[in-house]
Each structure stands twice: as C-alpha cells, then as structure tokens.
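Novice: Below: sequence and its predicted model.
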Amino acid sequence: MGALAGKTALVTGGSRGIGRAIAERLGSDGALVAVHYGRNGAAADEVVETIRAKGGAAFMVHSELGRARDVETLWESYDRQVLEHSGSTDLDILVNNAGITPRGEIEETTAEAFDEAVAVNMRAPFFVTQHGLKRLRDGGRIINTSSGATRIALTDIIAYAMTKGAVDAFTFTLAKALGTRGITVNSVAPGIIDTDINASWLRGNAAAEESAAALSALGRVGRPEDVADIVAFLASDDARWVTGQNIDATGGSQL
C-alpha cells in the first residue's frame, strides 16, 4: 500500500513538466490525483492514463488560470468529478504548481506581461487555496512551487522572480495561519529543470546543457522527477513536522 493511499491530491499545472512528474509520483504513492490543466487537455489526459496504467487513480480538472472565474471554475470541476471517484469533495493535498515565466529585463517587461504573471503566479495560488480550505482536511498538506530565482538574481526573468518571492511569503504566513488545523504549508524552489519550457534553448544544445549543469554543485541539469520526489516527501506523513519552509531544489546551484 502506498504512502498516500486513501488521500486525494490536486495538482495545478499537472499536465506537463514538473507538474506532470508530481501528479504521476503522487499517483504512484496511492493518492487519487486531480490533474489540473489550462489549455492542453490532451496532455492532461495522457497523464491521467499514465497514472491509471500503473494502477493508480486520476481525473482531469480544467480551468485557465488568470481568467475571469478561474478559481470558481476549477473547484466546480473538481467537486463534480471527485464525487464520482471518492464520494466526497474532501482534499488532503493541494499542490499549487501552475505558473508562467515572462522573460525580459525590467526595461523590456510590459504591463500586460507583468499583470498576467501576477494573475497566474500570485493571485491564482492565493484564491485557489482560499476556496480550497473548506475542502482541505485537518492534517492536510499545501505545497507551493516557488523558484531558485528568488535566491539567484536572474535579471531576464525579474517579473517572474518577484511573483515567486510572493509565493514564498504566502507559504510561511499561511503555515502560521493553518497550523492549528495541523495543515503543513511548504514551498519547493526548482532551479534549471529539463522541461518543455526550457527545451528551446536547452535540449539539443550541448554548450547550453554544459553551462546549465555547471551551475549545480551536483554537476547536472535537474529533472522533473527530482522536484516531484521532494513534493512527495512533503505530502507524506514523514514531513508532518516540517512547515513554513522553502526547500531548495536547485541541486545546489550557485552556492
């Protein structure tokens, strides 16, 4: 029996990259996984089928974050489908992973790009969590995806770094607010990970991969599974005494 057997998890941005790895890992640990997606339903369906093929249980939840009624739509979709699978709308694990990465120095960042980053990376996790609290069981887990960019100054993603700094503040403040319910709240901060988002400049470019790997004390580029395994720990009972923390998942980048 898996460590998360009998638990229900929701992973936002669960159709690709780090989110996909998280969803599949939680599914393999026995959780019923709600795989949220914004635009790519085919990718989300593939994740669900992968989890089921390995003996797990999962379903898709659709909502395009950063749009009108995004949070309401997400939870309406979750409630409707989770009832069919478990007979309850209760939730044990919420992973706020969905995010976007606007690129540009401060002089190049438009108000539109900044506002969209705030809407998806900051506003959505806040209100997804707010609306989810009545569903989240006491003793539950909230895990937020932050970024190594809150520690390492990367000037070409300055707006993104600001939004992830807000996620860190949200994490430790929420941990204090929910502690009396036994709910732990932590964030995980990945570095450079080999995902579709980084594929255009990383994959097939030996020089770029070598340069990215050199940033890590461990001498390689991160994989989505590296982050997913940390999330799985934080979601488990083994992490019951860890809350309000930002876990560096950069492989020791720029130490």
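Specialist: Now that the structure is in, tell me what you want to look at.
Novice: quick one: low-confidence ranges for the stretch 1-150 of the chain?
Specialist: In the predicted model, the stretch 1-150 of the chain carries pLDDT under 70 at residues 1.
Novice: whoops, I mixed them up, the stretch 151-255 of the chain
Specialist: Scanning the stretch 151-255 of the chain for pLDDT under 70 picks out 199-202, 205, 208.
Novice: So which residues of it form strands?
Specialist: Along the stretch 151-255 of the chain, the segments classed as strands by DSSP state E, counting those that start in this stretch run 184-190, 246-249.
Novice: partner strands of the first one, parallel or antiparallel?
Specialist: Read that as strand 184-190. strand 136-145 (parallel), strand 246-249 (parallel) (DSSP bridges).
Novice: quick one, which of those strands is nearest to Ala34?
Specialist: Comparison of the strands paired with strand 184-190 against Ala34 by C-beta to C-beta identifies strand 136-145 as nearest, at 12.8 Å. (Each C-beta comes from the backbone N, C-alpha and C, glycine too.)
Novice: What lies in contact with the closest one?
Specialist: With contacts defined as C-beta atoms under 8 Å, 6 or more residues apart in numbering, strand 136-145 is touched by 13, 18-19, 90-97, 99, 125, 129, 167, 170-171, 174, 178, 181-188, 190, 227, 231, 234-235, 239.
Novice: Quick one: residues contacting the residue most central in space within the chain.
Specialist: By C-alpha atoms, centre = their mean, the chain has its centre lying nearest to Asn97, at 1.9 Å. Asn97 sits next to Val11, Thr12, Gly13, Gly14, Ile18, Gly19, Ile22, Asn144, Thr145 when contact means C-beta under 8 Å, 6+ apart.
Novice: Out of these, which sit inside helices?
Specialist: Ile18, Gly19, Ile22 (DSSP state H).
Novice: which ones are touching the second one?
Specialist: Each residue near Gly19 by C-beta under 8 Å, 6+ apart is listed here: Val11, Thr12, Gly13, Val95, Asn97, Ala98, Thr145.
Novice: now swap in Ser28 and tell me
Specialist: Gly2, Ile51, Lys54, Gly56.
Novice: Most neighbours out of those residues, which is it?
Specialist: The most neighbours of any of the contacts of Ser28, using other C-beta atoms under 10 Å, belong to Ile51, which has 24 neighbours.
Novice: ok so, going back, need the contacts of Asn97 in TSV with distance to Arg220, can you?
Specialist: As requested, the contacts of Asn97 are arranged in TSV below (distance: C-beta to C-beta, whole Å):
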residue	distance to Arg220
Val11	25
Thr12	27
Gly13	24
Gly14	25
Ile18	16
Gly19	21
Ile22	20
Asn144	25
Thr145	21
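Novice: Select from the residues you listed the one having the most neighbours.
Specialist: Within these, neighbour counts (other C-beta under 10 Å) peak at Val11, which reaches 35 neighbours.
Novice: returning to what we had before: turn the ones in helices among the contacts of Asn97 into TSV, including distance to Gly30.
Specialist: Shown next, in TSV, are the ones in helices among the contacts of Asn97 (distance: C-beta to C-beta, whole Å):
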residue	distance to Gly30
Ile18	20
Gly19	19
Ile22	14
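Novice: any idea which of the residues you listed is closest to Ser253?
Specialist: Nearest to Ser253 among the ones in helices among the contacts of Asn97, counting by C-beta to C-beta, is Ile18 at 15.6 Å.
Novice: so the closest one sits right up against Ala228, yeah?
Specialist: Yes - if you go by C-beta atoms under 8 Å, Ile18 and Ala228 touch, sitting 7.0 Å apart.
Novice: just the contacts of Gly19 now: which is nearest Thr73?
Specialist: Closest to Thr73 out of those is Thr12 (12.4 Å), distances taken as C-beta to C-beta.
Novice: Does the closest residue to that closest one other than its chain neighbours belong to a helix, a strand or coil?
Specialist: Nearest residue to Thr12 in three dimensions, chain neighbours excluded: Ala98, at 3.9 Å (C-beta to C-beta, 6 or more residues apart in numbering). Secondary structure, DSSP: H, G, I helix; E, B strand; the rest coil: Ala98 is coil.
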